[in-house]
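Asks: what follows is a predicted structure for the sequence shown.
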Amino acid sequence: MAETEIFNENRKSILNDDSFLTEHSEVLLDKNVGNVAAQKVQGLEGQLDWEEREGRNKLRHVTGLGELHDITEVEYRKVRLERVVLVGVWSSREITLNQAEESLRELAALARTAGAEVMDGVLQHRLKPDAATYIGSGKAREVAGIVAATESDTIIVDADLPPSQRRALEDVTKVHVVDRTAVILDIFAQHATSREGKAQVELAQMEYMLPRLRGWGGSLSRQAGGQAAGQNGGIGSRGPGETKIELDRRVIRTRMALLRKQIAQMAPAREVKRGSRHRQGLATVAVVGYTNAGKSSLINRLTGSSELVENALFATLDTAVRGAKTSQGRAFTYVDTVGFVRKLPTQLIEAFKSTLEEAVQSHVIVHVVDASHPDPFSQIDAVNAVLKDIDSIAGIPTVIVFNKIDCIDSQTLERLKNLAPDAFFVSAATGEGIGKLNAHVQSLLPKPPVEVEAIVPYVNGNLVSKVREFGQVDAIEYRNEGVYVKAHVDSALASAILNVSLPM
Ligand SMILES: Nc1nc2c(ncn2[C@@H]2O[C@H](COP(=O)(O)OP(=O)(O)OP(=O)(O)O)[C@@H](O)[C@H]2O)c(=O)[nH]1
Ligand SMILES: [Mg+2]
């Protein structure tokens, strides 16, 4: 696509632009010296200073760390996490220590899925995050110690971190700081495979990135003695750096507009696919649930297919559709959806609405929960919190399925059964409970709208097999004159049958 190429060219030229590097180095120099006036008298010494620093920065740039990470952010997808320390703040007014720990464990799973090695994780108990550095400057220095001791290169904060706090925390700890949202976006970027999925993830990343470019402007302001941000924003705050941000923003906005256009163009294709499923009268069952709950495994078990199953979060990122048959031979489909996660970035909720739309369009929803999770009900709540935003989902029959019961003891199983009497308890691994679930799901499939009762001549046997495949058979008898059929089918099939049927 030509436009994409132009965009990439633009990006390249930004990254290779020498003048930009120089500008940026000056910014760093400014920061180091502490104020603009001092920089002016520095002369050659300063020159050498920044040359040396530029060299260092280039090295940092390669690993995606250090103060130059703002450039890397333009090439957001290339940011890779290596050795990370997790940091969370919790308040006993809002959650329990257990929940806070669980959240941090989940963050660790996310980080590992993103390819990072988790070196350590710390929680701080305080009523609310510190306005400046999120964890408070004293604790930030402690974390800096942990980072040094574990030779980590990144801190992941278990929250949505405002750019100013991130910047301040980076200043104290001297390593790259990212937040939960960035990690999730990173995983999605690594895993998306379809064209649409990729475009949606890129759009979400840019949406995330756009306001954060301001973090850069913020640092400029501080160099001018902290007054540049406001009314006094003179020379120091509106330098080449600011222009660069504007340029970045413009490039990003252009790209976002292009992506939106592309995604809008892809939507009709999805409509067509879904439309053709519906035209064939296929009932669909959407399988939703927390990531890693075993949705794909369960579908594999129910349909005998072999979809990607992975012990990593978000193994399934694009909607996958699997064909299935009822015990009577009627075809229907299972739709595998992307897994949910707590604090799912809002940018992604929007971007992945398409997957959820599939759920909206379905006739039955199977909500899978990991029974071996310490707090499965919080997962149910997290999923429902997202689903409830979608209006048309309300009337669709939903089945709650606790999966992985092979991993829990009988006491836990009893407790869960008491807490969720209507739920189904299965193991996709061993097959336990699958038959019962299967029968229940099938019973929930909607009946096709038209009831026919007819005798179909043997020469029109293909219609009978269509009835078996797409209708719900109430009775089929092979008689002398033809096949007696009593079934629910869609209107097209009904009229085809009535056209050829013999008098009863
Ligand atoms: N012991 C056990 N493990 C299971 C069971 N079902 C799934 N798993 C494992 O759980 C992990 C996640 O399974 P998936 O089917 O990929 O889960 P998913 O819900 O599709 O996950 P995402 O696509 O990442 O959202 C895999 O390692 C599976 O082998 C089960 O019934 N018992
Ligand atoms: Mg999956």
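Replies: Great, that's in hand. All values derive from a computational prediction rather than experimental measurement. Ligands and ions are numbered 1, 2, ... in the order given.
Asks: now do the strands in the protein.
Replies: Along the chain, the stretches classed as strands by DSSP state E are 83-90, 117-125, 154-157, 176-179, 283-289, 320-325, 331-336, 364-370, 398-403, 424-425, 450-456, 472-478, 483-489.
Asks: which non-adjacent residue is nearest Val383?
Replies: Phe340 (4.7 Å; Cβ to Cβ, 6 or more residues apart in numbering). The C-beta positions use only the backbone N, C-alpha and C, and glycine is treated the same way.
Asks: residues in contact with that neighbour?
Replies: Val288, Gly289, Tyr290, Thr291, Gln379, Ala382, Val383, Val386 (Cβ atoms under 8 Å, 6 or more residues apart in numbering).
Asks: what does Leu282 give?
Replies: Here Leu282 is in contact with Ala331, Phe332, Thr333, Phe470 (criterion: Cβ under 8 Å, 6+ apart).
Asks: what's the answer for Tyr478, then?
Replies: Counting by Cβ under 8 Å, 6+ apart, Tyr478 touches Tyr484.
Asks: hey, where'd the helices end up in the stretch 101-250 of the chain?
Replies: 137-149, 163-173, 180-191, 195-212, 214-223, 240-279 (DSSP state H, counting those that start in this stretch).
Asks: pLDDT-wise, which helix or strand of this structure ranks last?
Replies: Scoring the helices and strands of the chain by mean pLDDT, DSSP states H and E places helix 36-40 at the bottom, with a mean of 30.
Asks: please name the nearest non-neighbouring residue to the residue in the stretch 201-350 of the chain positioned nearest to ligand 1.
Replies: Closest contact between the stretch 201-350 of the chain and ligand 1, by Cβ to the nearest ligand atom, is at Gly339 (2.5 Å). Excluding the flanking residues, the one nearest Gly339 by Cβ to Cβ, 6+ apart is Thr291, at 2.7 Å.
Asks: surely that neighbour meets Leu344?
Replies: No. Contact between Thr291 and Leu344 fails when scored by Cβ atoms under 8 Å: they sit 9.5 Å apart.
Asks: so the two - more neighbours on which side?
Replies: Per other Cβ atoms under 10 Å, whichever of Thr291 and Leu344 has more neighbours is Thr291, with 26 against 20.
Asks: what number of residues lie near Val118?
Replies: The number of residues packed near Val118 is 21, by other Cβ under 10 Å.
Asks: how near is the residue nearest to it when sequence neighbours are not counted to Glu151?
Replies: What sits nearest to Val118 in space, not counting adjacent residues and going by Cβ to Cβ, 6+ apart, is Ala108, at 4.8 Å. Applying Cβ to Cβ, to the nearest Å, the value for Ala108 to Glu151 is 18 Å.
Asks: Tyr208 too?
Replies: 28 Å.
Asks: between those two, which is the more surrounded one?
Replies: Using other Cβ under 10 Å as the criterion, Tyr208 and Glu151 rank with Tyr208 on top: 21 against 9.
Asks: now do the same contact list for that one.
Replies: Here Tyr208 is in contact with Thr181, Ala182, Leu185, Pro345, Gln347 (criterion: Cβ under 8 Å, 6+ apart).
Asks: how far away is the last one from Leu387?
Replies: Read that as Gln347. 18 Å.
Asks: give me the nearest residue to His373, chain neighbours excluded.
Replies: Nearest to His373 is Gln379, by Cβ to Cβ, 6+ apart, at 6.0 Å.
Asks: wait, the one you found sits on Val369?
Replies: Yes. Applying Cβ under 8 Å as the test, Gln379 and Val369 come out as touching, 5.7 Å apart.
Asks: overlap of the contact sets of those two?
Replies: Common contacts of Gln379 and Val369 (Cβ under 8 Å, 6+ apart): Gly289, Tyr290, Ala293.
Asks: could you find the closest non-adjacent residue to Leu493?
Replies: Lys466 is the one closest to Leu493 (Cβ to Cβ, 6+ apart), at 5.8 Å.
Asks: correction: Arg330
Replies: The spatial neighbour of Arg330 that comes closest, neighbours along the chain excluded (Cβ to Cβ, 6+ apart), is Gln472 at 5.9 Å.
Asks: next one: that neighbour from ligand 1, what distance?
Replies: Separation of Gln472 from ligand 1 (Cβ to the nearest ligand atom, to the nearest Å): 29 Å.
Asks: ok, Ile396 next?
Replies: Taken as Cβ to the nearest ligand atom, the span from Ile396 to ligand 1 is 20 Å.
Asks: burial measure for that residue, as a count.
Replies: Quick note: Ile396 (other Cβ under 10 Å) scores 16 neighbours.
Asks: next: Ala108.
Replies: Ala108: 18 neighbours (other Cβ under 10 Å).
Asks: again with Val321
Replies: For Val321, the count of nearby residues is 15 (other Cβ under 10 Å).
Asks: residue contacts, it?
Replies: Under the criterion of Cβ under 8 Å, 6+ apart, the neighbours of Val321 are Arg277, Thr284, Thr333, Tyr334, Val335, Asp336.
Asks: hang on, the earlier thing: what residues are up against the residue nearest to His373?
Replies: Applying Cβ under 8 Å, 6+ apart, we find Gln379 in contact with Gly289, Tyr290, Ala293, Phe340, Val369, Asp370, His373.
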